[in-house]
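Student: okay, sequence plus prediction incoming.
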Amino acid sequence: MNTTENLSMGEGNTPLVSLPTLARKWGMQKIWAKAEYLNPTGSYKDRIARTTMLEALSQGCRGWLGTSSGNGGAAMSAYGARAGLPGILCIIATAPAEKVASIKPYGVLMIPMLDLGPSDMLALKKIAEEENLLLTITAYAFNPEGMKGAESIGEEISTHGSVSHVYLPTGGGGLLVATAIGLARGGSAAKVICAQPDECSPIAQTVMGTIAQPNISTCTTKISGLQLANPPDGDLAVEKINASNGWGVRVTDEAAWQMQDILAREEGVFVEPAAALALTGLYQDIQSGKVTSSDEPVVVLTGSGLKDMTRYKPTSPSISFDIGQVGKLVKESLSTKGVSE
């Protein structure tokens, strides 16, 4: 297709979805969710992929070269195919199977990698330059033009004038920086809150003052997409958080997984663990009093729960029932859920 007019697949302009049940249970008047899981390939990275491929076409690149734990790879592969640009993707070997599977239909070359640290990214930058490929890493440090696509998240949130806080799951820092830029451009005074896994929180720890620079030696979190010990946009993220009078919050993997289930069961919204981690950060801040009932926070729900089904692997039933037993089981289920006749 490779024409700039036809690259869009309906990305962006995602709704703010209210979370009334959780708001009531947590003593809040309103809680909002930015539904980025509704983008074409199921995550906010579609916004970045479109602007990235526009840049590749404008530069006359032969194709693109990127890294991914899954979401970015699917987005770049889809929009790369639409642009008629071949892609090569270095993907973390531990990426969830569902994310890897969602990339395969697009026919890009996937290269499994044991690690993708700062030195690896610099090496990829050199390869991209030598081969006339656009480097599609989703960070301002490597792909500043492409990252502009995510700034619309903040601009869209800013049209909802009463937003007090914006909670963002944070790995490399690019999403947070882009959202903060968009919020400022839209005139919003919302505080930007960085939610990171407890076991991989270099940006949050820097904002908290427990470390001097946003880099740590190791990351042991299992939350896909947030496993960056040396975030490429870490310094810029710290700057944006402080400028908004925001802060950092650390969340355990277990708490994020629990919140993933709570959100699905209470509000009918199924998101990836990284998105649930940001909501957990908000819950913790409500409990501690940092966010009050009169505030109106937004949580950016970055991707669909179908992106990472690791916790929900299907199992064969160990026992089966006949139709005569179904009525009893239905009554028991409704009773345990407190549903009256």
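Tutor: That came in fine, so what should we check first? Numbers count the residues shown, from 1 in each chain.
Student: C-alpha only now, for contacts and for neighbours.
Tutor: OK.
Student: what residues of the helix or strand harbouring Leu122 count as buried?
Tutor: Using DSSP states H and E, Leu122 sits in helix 118-130. Judged by neighbour count (16 or more other C-alpha atoms under 10 Å), helix 118-130 contains these buried residues: Met121, Leu124, Lys125, Ala128.
Student: my read: the last one touches Thr136, true?
Tutor: In this case it means Ala128. No. Between Ala128 and Thr136 no contact is recorded; they are 9.5 Å apart, counting by C-alpha atoms under 8 Å.
Student: name the residues contacting each of those two.
Tutor: Common contacts of Ala128 and Thr136 (C-alpha atoms under 8 Å, 6 or more residues apart in numbering): Trp64, Leu65.
Student: quick revisit: residues in contact with the helix holding Leu122: which ones?
Tutor: So helix 118-130 is in contact with Trp64, Leu65, Leu134, Leu135, Phe142, Asn230, Pro232, going by C-alpha under 8 Å, 6+ apart.
Student: what ranges in this structure fall below the confidence cut-off?
Tutor: The model of the chain has pLDDT under 70 over residues 1-5, 315-317, 339-341.
Student: who touches Leu7 in this structure?
Tutor: By C-alpha under 8 Å, 6+ apart, the residues touching Leu7 are Arg50, Leu54, Tyr79, Arg82, Ala83.
Student: what's the answer for Ala256, then?
Tutor: Residues near Ala256 by C-alpha under 8 Å, 6+ apart: Pro273, Ala274, Ala276, Leu277, Thr280.
Student: out of those, who's the most crowded?
Tutor: Most neighbours among these, by other C-alpha atoms under 10 Å: Leu277, with 35 neighbours.
Student: which strand or helix spans that residue?
Tutor: Going by DSSP H and E, Leu277 is in helix 273-288.
Student: show me the helices in the stretch 101-250 of the chain, by range?
Tutor: In the stretch 101-250 of the chain, the helices defined using DSSP state H, counting those that start in this stretch lie at 118-130, 144-147, 151-158, 174-185, 202-208, 234-243.
Student: on that earlier part again, can you put the buried residues of helix 118-130 in a markdown table and add distance to Thr302?
Tutor: Listed next are these as a markdown table, based on distance: C-alpha to C-alpha, whole Å:
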| residue | distance to Thr302 |
| --- | --- |
| Met121 | 23 |
| Leu124 | 26 |
| Lys125 | 26 |
| Ala128 | 28 |
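Student: that older thread, and which of the contacts of Leu7 is nearest Gly161?
Tutor: Distance ranking of these against Gly161, using C-alpha to C-alpha, places Arg50 first at 27.3 Å.
Student: how about the closest one: what's its closest non-neighbour residue?
Tutor: Nearest in space to Arg50, with sequence neighbours left out and distances taken as C-alpha to C-alpha, 6 or more residues apart in numbering, is Tyr79 at 6.1 Å.
Student: count of neighbours near the one you found?
Tutor: If we define neighbours as other C-alpha under 10 Å, then Tyr79 has 27 of them.
Student: any idea which element it lies in?
Tutor: Per DSSP H and E: helix 71-83 holds Tyr79.
Student: now that helix: buried residues?
Tutor: 71-83.
Student: after it, next one along is what?
Tutor: On the C-terminal side of helix 71-83, the closest following helix or strand by DSSP H and E is strand 87-92.
Student: alright, that wraps it up for me.
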